[in-house]
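In: Return a 3D structure for these sequence lines:
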Amino acid sequence: MEKFSISNIYTDNKGKKTIDINPLPEKYCSFDCVFCPLGRTEIKTDESYYLPKTKDFIIKLENILREGKIDFVFINPWGEALANSELINIIKIIKSYGAGVRLLSNGYIFSYPKYWEVLNLCDEVIGETAALTEQDFAKFQRPMKGFTLEDYIGNMERFNKKFSGKFILDITILGIYSNNEEAIEILKEIINRIKPEEYFLETPGGKYKAMGISPHELDSIRKKLIIGGSNGNFNQGRES
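Out: Prediction:
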């Protein structure tokens, strides 16, 4: 998506009239993942900020909500949407028009109390995971200093225990690093810890395709991960 953008209305796979929104002018994120389709992180942070053009963005969004009879708004950001301090007001406006809210985040800062009110307004929250060892986490996801893989998984685990909405886990499969039996067992442990209501798999595509795996391999992993009644799906990888 473009910066500070709103997509056209589309029908999602559940038949809901949906729009995607990006409430950020630049890529704010606590990670700088090697395989991110959005490119390098411009502002590496776990804080939130007042972003001056948010007011104009809200006016545009409210006009669409007023006219479009939207069922769901997917906050699919250019980085970490929680970096926008006005996100809570954006969500409240969306809800005032009767639309549901789905929020995508990398999930690390779910443990920060200052974000709980915002997250709990959402109907669905998507967290992410990719690297499966501390070494690979530092190498491929390039988090802020002091961040660890153990805290990353633990933060999502603790959040989901308190979250009353639907928690979804987005798992990125990284070629040889998570396409083996040992990696699959680690993924099973992560799913069992976090206990998402739903999870899906993807793998890097586009110019990062070399770090990904084939659709056949991805489907094979998905079948091995169907545990405990979890609902698993898979995607080849986002291009944007």
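In: Every contact and neighbour count from this point should use C-alpha atoms.
Out: Fine.
In: What residues does the nearest residue to Leu82 once chain neighbours are set aside make contact with?
Out: Spatial nearest neighbour of Leu82, excluding adjacent residues (Cα to Cα, 6 or more residues apart in numbering): Ser48 at 6.3 Å. By Cα atoms under 8 Å, 6 or more residues apart in numbering, the residues touching Ser48 are 82-85.
In: From Leu38, how far off is Ser48?
Out: Noted for Ser48: a distance of 20 Å to Leu38, by Cα to Cα, to the nearest Å.
In: same deal with Lys27?
Out: Distance of Lys27 to Leu38, given as Cα to Cα: 8 Å.
In: what's the overlap in contacts for these two?
Out: Common neighbours of Lys27 and Leu38, using Cα under 8 Å, 6+ apart, are 78-79.
In: Comparing those two, which shows the higher neighbour count?
Out: Higher neighbour count among Lys27 and Leu38: Lys27, with 21 against 16, using other Cα atoms under 10 Å.
In: surely that one meets Trp78?
Out: Yes. With contacts counted by Cα atoms under 8 Å, Lys27 reaches Trp78, the gap being 5.3 Å.
In: How about residues contacting stretch 124-131?
Out: The contact list for stretch 124-131 (Cα under 8 Å, 6+ apart) reads 101-107, 119, 137, 140-141, 153, 156, 165-174, 177-178.
In: of those, buried ones?
Out: Among the contacts of stretch 124-131, those classed as buried by 16 or more other Cα atoms under 10 Å are 101-107, 119, 137, 140-141, 153, 156, 165, 167-174, 177-178.
In: buried sites along stretch 41-49?
Out: Going by neighbour count (16+ other Cα under 10 Å), the buried part of stretch 41-49 is 41, 44, 46-48.
In: Same question for stretch 188-202.
Out: Applying a neighbour-count criterion of 16+ other Cα under 10 Å, the buried positions in stretch 188-202 are 188, 190-191, 194-202.
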